[in-house]
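*Asks:* Show me the folded form of this:
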Amino acid sequence: MTRTKLTRRQALTSAGAAVLAGAIAKPAIAAKDPILVGYLPAVTGPSSSTGIGISRGTELAVEEINKAGGIDGRQIELITRDTQSDPTKAVNAAAELTRAAKVSVVFGPLNSGESLAVVPLLARTKTLQIHPCWVDSLTDVKKYPLCFRNAPTNQSSIRAMSTPPTRTSSRKSSAYSLPAPRRLCPGASTPASCRASSIRVDN
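*Replies:* You can find the predicted model right below:
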């Protein structure tokens with residue numbers, strides 16, 4: 001058997017290369033792991049009429065994103081738990097998603113009654129959350145800094161409905177300008193400047 005002698009410099013160089021290769025390999029593998037997204041729809045119970053429709057759209061969106069290559073090369077894995085339109089079951093499902101499934105973000109619940117129970121729990125676990133619920137107290141930048149809504153608040157909707165539209169006429173059409181909703185983010189209950197939206201009606 002032939003023995004190869006290594007100098008001290010060669011040994012140190014080889015060891016350093018092995019450590020560097022290991023350090024590079026780990027993030028490369030982690031980068032391919034799926035993004036775990038918890039989802040809390042009500043697909044049974046009194047709220048299921050809207051929950052089923054929103055779920056179909058959510059699942060279609062995830063499918064299209066994954067077919068397009070995912071996010072930065074990572075696929076989305078949607079982990080769904082039916083809340084059954086019950087706030088208590090929604091809390092239990094949220095706890096399971098954060099503690100057992102270790103999701104990175106939670107979408108839902110889809111109605112305000114369940115969200116009022118779930119939002120404080122996710123805030124305590126510092127879990128990013130997105131929901132479409134309208135109750136004003138559900139977005140509080142101090143209490144729930146990681147909670148975002150993708151729907152207007154009750155107050156912004158009332159303001160839009162109670163403000164008379166202004167009309168500007170031309171020969172072919174009329175434009176009615178309505179006040180736009182407040183910004184859809186934490187602290188949305190405070191006024192935010194934004195452009196008015198216009199609805200064009202053909203004469």
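*Asks:* count of residues packed around R56?
*Replies:* Close neighbours of R56, defined as other C-beta atoms under 10 Å, add up to 12. Where C-beta positions appear, they are placed from N, C-alpha and C, glycine not excepted.
*Asks:* From R99, how far out is it?
*Replies:* 28 Å (C-beta to C-beta, to the nearest Å).
*Asks:* so which strand or helix has the closest residue to R81 other than its chain neighbours?
*Replies:* Nearest residue to R81, sequence neighbours excluded (C-beta to C-beta, 6 or more residues apart in numbering): A93, at 3.7 Å. According to DSSP states H and E, A93 maps onto helix 87-99.
*Asks:* list the buried ones in that helix?
*Replies:* 87, 89-91, 93-94, 97-98 (16 or more other C-beta atoms under 10 Å).
*Asks:* a markdown table please, covering those residues and showing pLDDT and distance to P120.
*Replies:* What follows is the buried residues of helix 87-99, written out as a markdown table (pLDDT from 0 to 100; distance: C-beta to C-beta, whole Å):
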| residue | pLDDT | distance to P120 |
| --- | --- | --- |
| P87 | 96 | 12 |
| K89 | 97 | 16 |
| A90 | 97 | 12 |
| V91 | 97 | 9 |
| A93 | 97 | 15 |
| A94 | 97 | 10 |
| L97 | 97 | 15 |
| T98 | 96 | 13 |
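*Asks:* Can you lay out the residues you listed as JSON lines showing distance to P41?
*Replies:* Output for the buried residues of helix 87-99, formatted as JSON lines (distance: C-beta to C-beta, whole Å):
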{"residue": "P87", "distance to P41": "14"}
{"residue": "K89", "distance to P41": "12"}
{"residue": "A90", "distance to P41": "10"}
{"residue": "V91", "distance to P41": "15"}
{"residue": "A93", "distance to P41": "10"}
{"residue": "A94", "distance to P41": "12"}
{"residue": "L97", "distance to P41": "12"}
{"residue": "T98", "distance to P41": "17"}
